[in-house]
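S.K.: Pasting the sequence and the predicted coordinates here, then a few questions.
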Amino acid sequence: MSDALWYLARGTGVTALVLLTVVVVLGVANRRSRPAFGLPRFGVALVHRNASLLAVAFVGVHVVTLFFDPYAQLRLADLVLPFGAEYRPLWTGLGTLGVDLLAAVVVTSLLRQRLGVRAWRAVHWLAYACWPAAWLHALGAGSDAGTWWLQAVAGVSLLAVLAAVAVRAFGTPRPAAQGNAPGTPRPAAQGNAPGTTRPAARGNGPGTTRATQGDAPGTPRPDTRGNGIPVSVRAGSGVR
Amino acid sequence: MSVLHVDWTRCDGRGHCSELLPEVLVADEWGYPLSRDGAREIPDAVLRHAKLAVEHCPLMALRLTPT
Amino acid sequence: MTARLLATHDGMHDAPPYAPSERLIELVRDAGLTGRGGAGFPTYRKLEAVRNARREGKARRDAVVVGNGAEGEPASAKDAVLLERSPGLVLDGLQLAAGAVGASRAYLHVAHQAVPRLERLLAARRDPVPVTLQAAAPTFLAGEESAVVAAIEGRRAVPRDKFRRITEAGVRGAPTLVQNVETLAHLALVARHGPRWFRAVGTADEPGTFLATVTGAVRSPGVYELPCGAPLGLAIERAGGLAVPARHVLIGGFHGAWVPARAGLPISRAGLAPFGASPGAGVVAVLAAGRCGLAETARIVAYLARESAGQCGPCRNGLPRLAAALAQAVQQAAEQTVPQAAEQAVPQAAEVARIARIVSGRGACAHPDGTVRLVRSALAAFADDIEAHREGWCIEG
């Protein structure tokens, strides 16, 4: 029986790693807003989402079987608190850390509509910590550590994730992608002092009349081209 | 009939909605959703697809309100 | 014509004979006062909307009123002048509006130069509703209604999505009334003198006076108070007459439209509608004959493109394209280049029209729409010049 648990734990673990790799690659690819792997944009997003839920299922089985595996010696606390296990605490702890991060990312994604984009996005960045934790855990925690096939799987997964990140970082951006970050400061918006109620007085004297070379008070500073439409020149305060 | 509201300050032209609701939306040259006939009304026949578009917008920039 | 807004002395009006606030909305409705910030929306409807938002339980917070004197429009100076000459009237209007909608807080959003003087004035008054001064960012969009709300909330002064109207959810979710300072000044006078007095000048559909900023090819550019519906010729006459001959006038502001410089053209919604124009924020900018209208428009559109808040894709991408297409149309004449194969080169006017269609109505605010309006009116007003430019010369020489 314990053999069956052992095989199940190893199988689900490797599968989970492969699935999580797929999730990360698709998630990164989706940010480029182009069809990828033969899928339309919304398709990439959907497969990313479904693969992550599948990964959660496999991780769940992996954790449960290990909990009941006599050799793993996991206590309940070790399922959520990392680095406290008896057996290979560091490597196992990385797995626990991965589970914690995965839970945070997945739960916030499922509750996205309620949380709002900013909160959701902040937590989603943890995926970049989750995958490396899972990957390292896969390399060192199990009884298959050191085998050629496991290292091959880990190697291919790493290449896939690095390739995806490289394409995202160095690939040609979309035509509209420059300055896309919401709230990118625009040159015209500098000089906005939020919440200022009492800016230092400029010593302008009452009102906004600016002296304009001896013209009658309130003549707008002439546009240097003469008789054009003033741009960025405050017309004066001539009053009739 | 329902009205599809785009929060343009959130929309990033990712193009998921124009893929999910091609009857009503098409992507402009920068990727932002453009209404085919200029209207914002969603006929009931494609309401299901419109709801999918709203749910799957990566930036949650869409809203559907019944009229 | 007796000046009204600008005839009042600045300073306090202690215990002016104002009508009680419950009646104010009625008076404003009867007077037919419309917003002087550019949109021309009936003021009483806005007052009602904000008052009702609280009453009908659409909002849990007390209402807020904001006097908007940001005047992001570079060609306009009326708000600055009004705040300099009759700030007491504006502050009275602010209090009256606050009373009418049941607001517990008031804000005055003005250019930073105006803050010190207004601070002193506020300190000397005893207003029932506390007024907080807010310095406006010197940007074109800082005066947009939702940008004003953002500025007061301490955030970047850019427009926001208006799924929920500002009148229902504005400053920190409270029902918010944002009114141009000139509108508030008129409101104070209506409360004092009554609707019939207000309607004594202007037209039946557009009563009262407005402040026009007359600039460009006139002898005495400045801010002048005119009756609504006054002919263009009167505005120019008050500004000292034409300095040089002129054929076109930009009405309303940078989001306005070009109209022919006809003396009899009434500055009213009705009179300007045939040209796709409206009085807007009261800008009357006269273009000297001899200056290329297309070049001026290209310059303005380049400015408007730079002033985009950058939040909305169609505006952020489309306006610079619009500016570039216009600049190219102008450039062809400047360089006296003739397209090698005129039939193959896409006429710049068509490209401009195409982009104009794409950016309209697709943004959190009306910045792209206003820009498109200006561009369309330029294409219409300077149609013959566009052909000339395409062939490598300019009508204005």
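M.R.: Structure's in. What do you need?
S.K.: Can you tell me which residue is spatially central in the chain?
M.R.: By default, I'm working from chain A. Geometric centre of chain A, nearest residue: A:Trp125, 3.2 Å, by Cα atoms, centre = their mean.
S.K.: Oops, wrong one, chain B.
M.R.: Residue closest to the mean C-alpha point of chain B, counted by Cα atoms, centre = their mean, is B:Cys17 at 5.1 Å.
S.K.: from chain B, which residue is nearest to chain C?
M.R.: B:Trp8 (3.8 Å; Cβ to the nearest Cβ). Glycine gets a C-beta too; all of them are placed from N, C-alpha and C.
S.K.: tell me how far the helix or strand where A:Leu19 lies is from the chain's mean position?
M.R.: Using DSSP states H and E, A:Leu19 falls within helix A:2-30. Centroid separation for helix A:2-30 versus its chain: 21 Å, with Cα atoms, centre = their mean, to the nearest Å.
S.K.: what about it, average pLDDT?
M.R.: For helix A:2-30, the mean per-residue pLDDT is 93.
S.K.: I'd like to know which elements that helix is packed against.
M.R.: Counting contacts by 3 or more Cβ pairs under 8 Å, 6 or more residues apart in numbering or on different chains; DSSP states H and E, helix A:2-30 is packed against helix A:41-68, helix A:127-140, helix A:148-170.
S.K.: gap between the first one and the chain center?
M.R.: The offset between the C-alpha centroid of helix A:41-68 and the centroid of the whole chain comes to 18 Å, using Cα atoms, centre = their mean.
S.K.: quick one: buried residues of that helix?
M.R.: A:41-49, A:51-52, A:54-56, A:58-59, A:61-63, A:65-67 (16 or more other Cβ atoms under 10 Å in any protein chain shown).
S.K.: Could you tell me what pLDDT the model assigned to A:Ala145?
M.R.: If you check A:Ala145, the pLDDT there is 81.
S.K.: Relative to chain C, how far out is the closest residue in space to it that isn't next to it in sequence?
M.R.: Counting by Cβ to Cβ, 6 or more residues apart in numbering or on different chains, A:Ala145 lies nearest to A:Leu139, which is 6.4 Å off, once chain neighbours are set aside. As for A:Leu139, its distance to chain C is 43 Å (criterion: Cβ to the nearest Cβ, to the nearest Å).
S.K.: Using JSON lines, lay out the helices and strands packed on helix A:2-30 together with mean pLDDT.
M.R.: Shown next, in JSON lines, are the helices and strands packed on helix A:2-30 (pLDDT from 0 to 100):
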{"stretch": "helix A:41-68", "mean pLDDT": "94"}
{"stretch": "helix A:127-140", "mean pLDDT": "94"}
{"stretch": "helix A:148-170", "mean pLDDT": "94"}
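S.K.: closest point of chain B to chain A, which residue?
M.R.: B:Trp30 (3.6 Å).
S.K.: hang on, C:Val171 packs against C:Asp62?
M.R.: No - contact criterion Cβ atoms under 8 Å: C:Val171 and C:Asp62 do not qualify, at 10.6 Å.
S.K.: for the residue of the stretch 51-200 of chain C with the smallest separation from chain B, what are its contacts?
M.R.: Per Cβ to the nearest Cβ, C:Asp161 is where the stretch 51-200 of chain C lies closest to chain B, at 4.2 Å. Counting by Cβ atoms under 8 Å, 6 or more residues apart in numbering or on different chains, C:Asp161 makes contact with B:7-10, C:364.
S.K.: Now for those: which two are most distant?
M.R.: B:Arg10 and C:Ala364 (9.4 Å; Cβ to Cβ).
S.K.: packing partners for the helix or strand containing C:Glu237?
M.R.: Assessed by DSSP H and E, C:Glu237 sits inside helix C:232-238. Contacts defined by 3+ Cβ pairs under 8 Å, 6+ apart place helix C:232-238 against strand C:209-216, strand C:222-227, strand C:283-288.
S.K.: mind putting the helices and strands packed on helix A:2-30 in TSV, distance to A:Arg75 included?
M.R.: Listed next are the helices and strands packed on helix A:2-30 as TSV, based on distance: least, Cβ to Cβ, whole Å:
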stretch	distance to A:Arg75
helix A:41-68	9
helix A:127-140	18
helix A:148-170	26
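S.K.: Can you check which of these gets nearest to C:Val375?
M.R.: Between C:Val375 and these, the tightest spacing by Cβ to Cβ is seen for helix A:41-68, at 32.3 Å.
S.K.: Not counting sequence-adjacent ones, nearest residue to residue 62?
M.R.: I'll assume chain A. Of all residues not flanking A:His62 in the chain, A:Thr12 sits nearest, at 4.0 Å (Cβ to Cβ, 6+ apart).
S.K.: oops, chain B please
M.R.: Per Cβ to Cβ, 6+ apart, closest to B:Leu62 is B:Val54, 4.4 Å.
S.K.: Looking at the contacts of C:Asp161, which is nearest C:Glu71?
M.R.: When the contacts of C:Asp161 are ranked by distance to C:Glu71 (Cβ to Cβ), C:Ala364 comes first, at 20.9 Å.
S.K.: Please list all residues in contact with the closest one.
M.R.: B:7-9, C:146, C:159-162, C:309, C:311-312.
S.K.: Kindly report the same for A:Pro35.
M.R.: For A:Pro35, the contact set (Cβ under 8 Å, 6+ apart) comprises A:41, A:43-44.
S.K.: likewise A:His124?
M.R.: Contacts for A:His124 (Cβ under 8 Å, 6+ apart) come out as A:105, A:108-109.
S.K.: Can you list which of those are found in helices?
M.R.: Counting by DSSP state H, the contacts of A:His124 place A:105, A:108-109 in helices.
S.K.: By neighbours, which of those wins?
M.R.: Using other Cβ atoms under 10 Å in any protein chain shown as the neighbour criterion, A:Val105 leads those with 22 neighbours.
S.K.: how about the helices of chain B, start to end?
M.R.: Counting by DSSP H, the helices of chain B are B:16-20, B:47-56.
S.K.: near chain A, which residues of chain B?
M.R.: When proximity is defined as Cβ under 8 Å from any Cβ of the partner chain, chain B approaches chain A at B:9-10, B:12-16, B:19-20, B:29-32, B:55-56, B:58-60.
S.K.: change it to 6 Å
M.R.: Applying Cβ under 6 Å from any Cβ of the partner chain, we find that chain B lies next to chain A at B:12-16, B:19-20, B:30-31, B:56, B:59-60.
S.K.: Please list only the buried members of these.
M.R.: Among the residues of chain B next to chain A, those buried by neighbour count (16+ other Cβ under 10 Å) are B:12-16, B:19-20, B:30-31, B:56, B:59-60.
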